[in-house]
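[1] model this:
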Amino acid sequence: MRTSWFKALVLGGMVAAVVMPGGSPVQAQAEVEVPYWASIQRDEAFARAGPMASYQIEWVFRRKNLPVKVVKRYGTWRQIQDPDGWTGWMHSNMLSRKRTAIVQGSVSAIRAAPQDSAKLMWRAQPGVVGELGDCEAGWCEFAVDRRAGWVRQDEIWGAGAP
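    Predicted structure coming up:
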């Protein structure tokens, strides 16, 4: 059985931030090409009509760790797309590069290994958000709280190429 960084992260309860030498997480985000995956970093995050604080708040996200796709950048502002396809502008300090995914469609089987015949570990309802690990051959490591397993990549949003 292979041990991955993902399992060590989940089992050890450690959280690491990617920061460029001498820089901050915001500076590290600025160097990534768009589009890219991110997640909501706060319990409450405002999405605006445009890339400045003077623009009207159009939506308030109250779902920490929700995956989003960053589709544009303007200074410290990011235009994001949520799992439903809605877009708005959010300040980069509201976002994290932590990879997460959300179960979509129907109930997803979380398995012990990346194959349909592997032992069923648990089931995840649509809307469940979890941390995303490595993906291979159409399967992704997926963890919610301290429970981890493998989910079919086509049953989640936030995996694969953005």
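[2] can I see the domain layout of the chain?
    24-98, 101-157 (automatic domain parsing).
[3] Where among those domains is average confidence lowest?
    Per-stretch mean pLDDT for the domains of the chain is lowest at domain 24-98 (a mean of 92).
[4] Would you map the helices across the chain?
    Remark: helices assigned in the chain by DSSP state H are 5-12, 25-30.
[5] all strands of the chain, in order?
    Here the chain has its strands, by DSSP state E, at 36-40, 45-48, 57-61, 67-74, 77-81, 87-91, 95-96, 100-103, 108-111, 120-124, 129-136, 139-144, 147-152, 156-157.
[6] Quick check: bridge partners of the residue nearest to the spatial centre of the chain?
    In the chain, the centroid-proximal residue (C-alpha atoms, centre = their mean) is Thr100; its distance is 2.6 Å. Thr100 forms beta bridges with Glu131, as assigned by DSSP bridges.
[7] what's the spacing between stretch 92-112 and its chain's center?
    Computed by C-alpha atoms, centre = their mean, to the nearest Å, the chain-centroid distance of stretch 92-112 equals 5 Å.
[8] start to end distance for that stretch?
    One end of stretch 92-112 to the other measures 35 Å (C-alpha to C-alpha, to the nearest Å).
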